[in-house]
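K.L.:
Fold the stuff below for me.
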Amino acid sequence: MFEVEALERALQSLGAVLESRGFSYEVLVVGGSSLLLLGVTTCPTADLDVVGLADGGIYRSADPLPGPLADAVADVGLALELAPNWLNAGPASLMDFGLPEGLEERVTIRRYDGLAIHLAGRLDLICIKLYPAVDQGPRSKHFGDLQDLAPTRDELLFAARWTLTHDTSSGYRGELLKMLAVLGLEGNDADL
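P.N.:
Just a heads-up that it's a prediction; the model follows:
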């Protein structure tokens with residue numbers, strides 16, 4: 001599990017290794033690691049979730065990670081005794097149906113030599129956390145992350161509408177409405 005200092009150290013090391021090898025990458029990061037790096041939470045995280053690679057202001061899927069980046073991640077992991085998947089493209093499938101509109105304008109960019117981390121903005125993290133919170137329920141880490149983000153009514157509605165672009169089933173819509181109620185947003189299908 002990463003505390004913020006350990007995560008920063010791993011990113012510094014990765015950026016230095018990439019630069020020493022003549023490579024540079026820009027990655028879009030979501031999940032608990034974003035919350036930790038942005039100071040939204042102090043809860044440790046298991047990994048750094050990369051959803052996309054940035055290229056000229058355009059994001060494309062990070063799956064698979066480019067070979068030189070994957071090699072550097074593995075080498076830093078060995079040197080720092082980190083889990084093999086300490087940086088991974090697990091959530092890259094979010095790119096399949098699209099990221100929240102305007103995300104690229106809300107990112108915070110942190111540079112570590114040959115590595116630039118694009119941290120998803122608050123509204124985008126609410127979207128990305130609501131989706132699995134609906135599936136995993138109020139006891140999940142995603143629900144806890146949503147509570148840490150303390151979304152407003154408008155933010156929850158924006159996020160709910162975005163999640164419906166990823167799952168259009170009536171079953172999901174019903175579970176979404178239940179989750180919104182748990183989060184204090186009483187509503188109905190007309191709101192969505």
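K.L.:
can we go C-alpha only for contacts and neighbour counts from here?
P.N.:
Fine.
K.L.:
Low-confidence stretches in the protein?
P.N.:
187-190 (pLDDT under 70).
K.L.:
how about 80 then?
P.N.:
Within the chain, the segments meeting pLDDT under 80 span 57, 186-192.
K.L.:
Check it for its longest helix and report it.
P.N.:
Criterion DSSP state H: the longest helix present in the chain is helix 4-20.
K.L.:
Pull the residues that contact that helix.
P.N.:
With contact meaning CA atoms under 8 Å, 6 or more residues apart in numbering, helix 4-20 is reached by 24, 36-37, 42, 44, 68-69, 72-73, 76, 80, 112-116.
K.L.:
I'd like the next helix or strand past it.
P.N.:
Going down the chain from helix 4-20, the next helix or strand is strand 25-30, by DSSP states H and E.
K.L.:
now for the helix or strand where A116 lies, which elements pack on it?
P.N.:
If you go by DSSP H and E, A116 is part of strand 115-119. Contacts defined by 3 or more CA pairs under 8 Å, 6 or more residues apart in numbering; DSSP states H and E place strand 115-119 against helix 4-20, strand 25-30, strand 108-112.
K.L.:
Now do the strands for this protein: every range, in order, please.
P.N.:
Remark: strands assigned in the chain by DSSP state E are 25-30, 48-55, 58-61, 87-88, 108-112, 115-119.
K.L.:
wait, what's in contact with the residue most central in space within the chain?
P.N.:
Against the mean C-alpha coordinate of the chain, by CA atoms, centre = their mean, the closest residue is V30 at 1.1 Å. Contact analysis of V30 by CA under 8 Å, 6+ apart lists L48, D49, V50, V51, L119, A120, L125, I128.
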